[in-house]
Every structure is written in C-alpha cells, then in structure tokens.
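Chemist: Turn this into a structure:
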Amino acid sequence: MGLGAIILPLAQGGDGFVRDPAEASTECVAKNDTVCIGWALENIDRYVTPTLEHLVLVVVSVLAGFAIAFAMALISHRRRWLIPAFTAGTGVLYTVPSIALFLLLLPITGRGTLTAIVALTLYTLQILYRNNVTGLANVPEATKDSGRGMGMTDRQLLWRVELPLAVPEIIAGLRIATVSTVAIATLAVFAGAGGLGAEIYNDLTFKTGIVVAGGIAVAMAILFDVVLVGLQSRLAGWRKAHEAGAGDAGRFAGALARLRGAHS
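Modeler: Now for the predicted structure:
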C-alpha cells in the first residue's frame, strides 16, 4: 500500500470531495479552467470556516512556540553551554517531515486540532530560538558595561538594555516562523484539523479550488508579515530610547572612571 493510499483518506475525513465533477454549474467549471471567477464568488462562503481554522492554527502555534523559544533563550543566555544542546534539539525537530510528524502524534494526541498545533509549534522552535539567542548575543559589550556602570543588576540589564536592542532579530524570527507556519498549516488536514488545506486536498483535481485556497493562504501570510513589520516599527522608538539611555550611561561611566583616576 502506497503512502497516498494512507494519507488521502485522512485528508478527506470521510466527507467526500468538495466538488462533484459531474455536477459542473458552469462551462468554466466543466472545463476545469485555472480560475473560475463566477464559481469562486458564488462559493466564497465555503472558505470562511477553513480560513478561521487556519488562522487559529497559525496564531496559537506561533504564540506557543515563541513562549517556549523565548524561555529557552533566556535560560541559555546566562548558561551558554546549553545553546548547542537547544539548537541541536530544535534542529532535529525541524527536519522531521511534516506529514510524518502528524502521523507520529496521532496515537498520542489524537486526530484533531491539538495534534496540528503541537506539530506546528515544534516547527517554530528552531527559527524562533536561534533568532532570540542571536539577538541577545549581538548586544555590544560596551552597552552592557555601561548599564553595569549605572548599577544595573543582571535582571535589569536584560529587560532594560539587552531585550530592547534584540528586538529586530526577535521580530525577524517571528516573521519567518509565522510565514512558514501559514504554509505548513495547509498540511494540518492530515491531522484532521481542517484549515485551508482541507479545501486543497479534498479535491486536488479542481484548479479553481486550489487557487482560491492557496490565494487566501498567501494573503494571510502577507498580512501577518505586514503586521509584524508595523510592530517592529512601533518598537523601534523604544529601542532608540534605550540606545540613547545606553549612550548616556556610557558617558556617565566614562566620567566616573575619569573621576576615580583623578582621585587615585
């Protein structure tokens, strides 16, 4: 038995195809042209629920993945010896084929949304963790020394100096992870989680259905990316304020050092 014979019934879920080729309502549908605008407009309501399901899968998975990856980055930031282990572990998870991971999780979490969210969350960890760690590691030592010169504790230094300066790398990781999750979530249909993948895989022969569902997924990815770019722009002012504060701290530390030298 081939792989297709196993996964296609999982995708169809016993509901049959979304379109009966023998019941074409228009000549465009009968010919199975690439895009049948009339059919798409008449049936756009059928994509509302799959789009909302897809949206939930992406948002929940990325948020859960970010929370886990952020915690891992904070833990390994002060314990650098953990970084290779965390990087290798998330890397191994990222290399597992998506459909295989869904099938492996089915006996544990069952068929449904939970399985899809667990798998998608695991796929975000590699990207998010590496970018979080890179952002924190790229904070200049001089900036951190300035913060220490002002009497900041390690905790204050992390939240007031290091994290604000790591924002661009953190947001970049979120952008990549979110866009890739939108794409991988189309395979969640094999876990019984629905989403836009259901409209694609339930009838792979219907070109218009594939174009419409795929177009919605692309639009969703672009929208998420625009929102995250806007978020980064809003946080840029916060970062500039911290950079200015770090500059003031550097000048203060320098003046303090000169005073100590003059009195020694």
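Chemist: mean confidence for whichever strand or helix holds F70?
Modeler: Using DSSP states H and E, F70 sits in helix 48-78. Rounded to a whole number, the mean pLDDT of helix 48-78 is 95.
Chemist: Could you list every helix and strand in contact with that helix?
Modeler: helix 83-95, helix 113-137, helix 163-184, helix 196-201, helix 207-263 (3 or more Cβ pairs under 8 Å, 6 or more residues apart in numbering; DSSP states H and E). C-beta coordinates here come from the backbone N, C-alpha and C atoms, glycine included.
Chemist: Most tightly packed of these?
Modeler: Ranked by mean neighbour count, the helices and strands packed on helix 48-78 are led by helix 196-201 with a mean of 24 (mean count of other Cβ atoms under 10 Å).
Chemist: quick one: that one to chain centroid distance?
Modeler: In terms of Cα atoms, centre = their mean, to the nearest Å, the centre of helix 196-201 is found 20 Å from the chain centre.
Chemist: ok, now stretch 135-147?
Modeler: Going by Cα atoms, centre = their mean, where stretch 135-147 is centred and where its chain is centred differ by 27 Å.
Chemist: what pLDDT does F224 get?
Modeler: In this prediction F224 is given a pLDDT of 96.
Chemist: ok, now how distant is it from R80?
Modeler: 32 Å (Cβ to Cβ, to the nearest Å).
Chemist: Any regions of the stretch 151-264 of the chain where pLDDT drops low?
Modeler: Across the stretch 151-264 of the chain, the ranges flagged by pLDDT under 70 are 236-264.
Chemist: Name the SS class of the closest residue to L74 other than its chain neighbours, please.
Modeler: Closest residue to L74 apart from its sequence neighbours, by Cβ to Cβ, 6 or more residues apart in numbering: L158 at 7.6 Å. Per DSSP: H, G, I helix; E, B strand; the rest coil, the local secondary structure of L158 is helix.
Chemist: L158 against I75, yeah?
Modeler: No - under the criterion of Cβ atoms under 8 Å, L158 makes no contact with I75, lying 11.9 Å away.
Chemist: So for those two, which residue has more residues nearby?
Modeler: Here L158 and I75 are compared on neighbour count by other Cβ atoms under 10 Å; more neighbours surround L158, at 19 against 12.
Chemist: before we move on, the earlier item: list the buried ones in the helix holding F70?
Modeler: Buried positions in helix 48-78, judged by neighbour count with 16 or more other Cβ atoms under 10 Å: 50-51, 53-58, 60-62, 64-66, 68-69, 72-73, 76-77.
Chemist: still on that earlier bit, nearest approach to C36 belongs to which of the helices and strands packed on helix 48-78?
Modeler: The stretch from those with the least distance to C36 (Cβ to Cβ) is helix 207-263; that distance is 4.4 Å.
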